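S.K.: Kindly return the folded structure for what I paste below:
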Amino acid sequence: MAEALQAQDFGAIGDGCTLNTAAIQAAIDAAAVAGGRLVFAPGVYRTGSLFLKSGMALQLDAGVTLLGSQDLADYPLMPTRIAGIEMVWPAALVNVCAQQNVEICGEGCIDGDGQVFWDSYWALRRRYEPLGLRWASDYDAQRPRLVQVYESFEVHIGDGLLLRRAGFWGLHLCYSERVRVEGITIRNNGDEGQRGPSTDGIDIDSCRDVLVQQADIAVNDDALVLKAGRDADGLRVAACCDHIVIRDCIVREGAAGITFGSECSGGFRDIEVSGIEVHAPVPVGILFKSAPTRGGFAQQLKLSNIRLIDVPVVMRATMNWNPGYSRAEIPAGMAEVPAHWRVIAAPVSAEEGRTRIADVQINGLLARGARVAFEVEGVDAAPLTGFRFEGVDIEAAAGGHIYGARDWQFTATRLTLGEPLALPNERDVQGLPGKTWHLQATLSKPDPSLQSFEVQDVS
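M.R.: Model prediction:
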């Protein structure tokens, strides 16, 4: 690349107060023309949305912080995908949109200063929930993401970068290919214990050829998550998340260590996850989540060398996740509603809405201090099929339950359980060590959350 350009030469002032959006954007544009690198003198640079260009690098060295404006007007509205729906939404703080060969690097910080956006979300949600509009809250409370990579190619993010206090998601990769994220730290909660709602870590959304490695994450929602669209709109787009590698990461806070869904309408294929370490208070190690209107699929998933320390639930799979959010129904009597409400609430047939998960390999899983080993709740019409577990070593107070499963195989497995693992049909789950158990319950009820289980020793 050409010689580095200095942001202060374009009028950027790192005093933490001056709004630098125009000055920094001018520097970005010049760096792109020169095919160069934009650097900053140490300081805190308050700014609204910035748009990086092809063939340039944004270098934030140690001592440099980009600090997000707290005025939503400084984040222009633009077409994007948000929580699985294509719609107009505020731009992120740092954007790579329809570009290629872009780098964001350095040991500096991108800080969303997100408290004002967290507060606005909770205020709107308090108004919406009594109206039966929990599902609309995340779409109507507009909040800027921290970094967005959208419809772009050959993007590198990392080299010690710190992302913190996102107004919404931290790093959102969407409709992009050949993206490499490595050596980043994400801290999305506040300095005094404030917890930002929906402050995901890394969202990989209908992308192809992505590598994420050596990320250190503490957030308040999904930490490392694969997404591929929601319901009718996601099925219309039908863009798969394909050929993704996630390795050598640590999750310290979040909804789960590694998550698939709930936006899964376009499907997941050829995903490799390895070397993930997850600590309490993270509640779940491996999470599959979907809903009766999602559809989509997951296949060729390989998870290996997963280490869980005091994580309460080792593995959870639910096809009826969070109905208040997942089941969008416009209340009767509301005639004039936002267009995106009708998109979200568009009906999906029962057949289209079934998510089909198959061909999942989990090798080298170690869990200590767990409360429950398995909370697996598939559905008979589309069972979770072809899971292979090898080298699994779990110590848990209870085995939990596995149902809605077919053709699960365990080899070289050690389970140390205070209470037994409940299985609806032992023929569908083979190779478990020690006693086998079955349920004295029919599994024909349409809502798995209504099931009750009575365990009987049949060994």
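
S.K.: Could you point out the longest strand of the chain?
M.R.: strand 356-377 (DSSP state E).

S.K.: now for it, which elements pack on it?
M.R.: strand 284-289, strand 297-309, strand 313-318, strand 384-390, strand 393-403 (3 or more Cβ pairs under 8 Å, 6 or more residues apart in numbering; DSSP states H and E). (C-beta placed from N, C-alpha, C; glycine too.)

S.K.: what angle do the second one and strand 393-403 make?
M.R.: When you say that, I think you mean strand 297-309. Relative orientation of strand 297-309 versus strand 393-403 (axes from the mean of the first three to the mean of the last three Cα atoms, to 10 degrees): 140 degrees.

S.K.: as a whole number, average confidence for strand 297-309?
M.R.: In this model, strand 297-309 carries a mean pLDDT of 98.

S.K.: That one: which residues count as buried?
M.R.: Buried residues in strand 297-309, counted by 16 or more other Cβ atoms under 10 Å: 297-299, 301-308.

S.K.: mind listing what it pairs with, with the direction of each?
M.R.: strand 268-279 (parallel), strand 356-377 (parallel) (DSSP bridges).

S.K.: Would you mind writing the CA trace of the longest strand of the chain as CSV?
M.R.: Only the C-alpha atoms of strand 356-377 are listed here, as CSV (Å, rounded to 0.1, in the frame of the first residue of the first chain):
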residue,chain,number,x,y,z
ARG,A,356,-34.1,-29.8,9.2
ILE,A,357,-30.8,-30.4,11.0
ALA,A,358,-28.6,-33.4,10.0
ASP,A,359,-25.0,-34.6,9.8
VAL,A,360,-23.6,-33.0,12.9
GLN,A,361,-20.2,-34.2,14.3
ILE,A,362,-19.2,-33.3,17.9
ASN,A,363,-15.7,-34.6,18.8
GLY,A,364,-13.6,-33.9,21.8
LEU,A,365,-16.1,-32.2,24.1
LEU,A,366,-15.1,-31.7,27.7
ALA,A,367,-17.6,-30.3,30.2
ARG,A,368,-17.1,-29.8,34.0
GLY,A,369,-19.4,-28.3,36.5
ALA,A,370,-22.5,-28.5,34.4
ARG,A,371,-26.1,-28.6,35.7
VAL,A,372,-27.6,-30.5,32.7
ALA,A,373,-25.9,-32.4,29.9
PHE,A,374,-28.6,-32.2,27.2
GLU,A,375,-31.8,-30.2,26.7
VAL,A,376,-32.7,-31.4,23.2
GLU,A,377,-36.3,-30.8,22.0
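
S.K.: Just give the number of residues close to residue 151.
M.R.: By other Cβ atoms under 10 Å, 16 other residues sit near residue 151.

S.K.: for the stretch 101-250 of the chain, which spans come out with low pLDDT?
M.R.: Within the stretch 101-250 of the chain, the segments meeting pLDDT under 70 span 190, 192-193.

S.K.: hey, where'd the strands end up in it?
M.R.: Assigned by DSSP state E, counting those that start in this stretch, the stretch 101-250 of the chain shows strands spanning 109-111, 147-150, 153-158, 162-164, 171-174, 177-182, 185-187, 202-205, 208-213, 216-218, 224-227, 241-253.

S.K.: For the residue nearest to residue 368 when sequence neighbours are not counted, give me its contacts.
M.R.: Nearest residue to residue 368 in three dimensions, chain neighbours excluded: residue 395, at 5.4 Å (Cβ to Cβ, 6 or more residues apart in numbering). Counting by Cβ atoms under 8 Å, 6 or more residues apart in numbering, residue 395 touches 367-370, 416-417.

S.K.: filter these to the buried ones?
M.R.: 367, 370, 416-417.

S.K.: Out of the strands of the stretch 101-250 of the chain, flag the one nearest residue 89.
M.R.: strand 147-150 (9.6 Å; Cβ to Cβ).

S.K.: Direction included, what does the closest one pair up with?
M.R.: Per DSSP bridges, strand 147-150 is paired in its sheet with strand 94-97 (parallel), strand 171-174 (parallel).

S.K.: quick one, which of these is nearest to residue 324?
M.R.: Per Cβ to Cβ, nearest to residue 324 of the strands paired with strand 147-150: strand 171-174, 23.4 Å.
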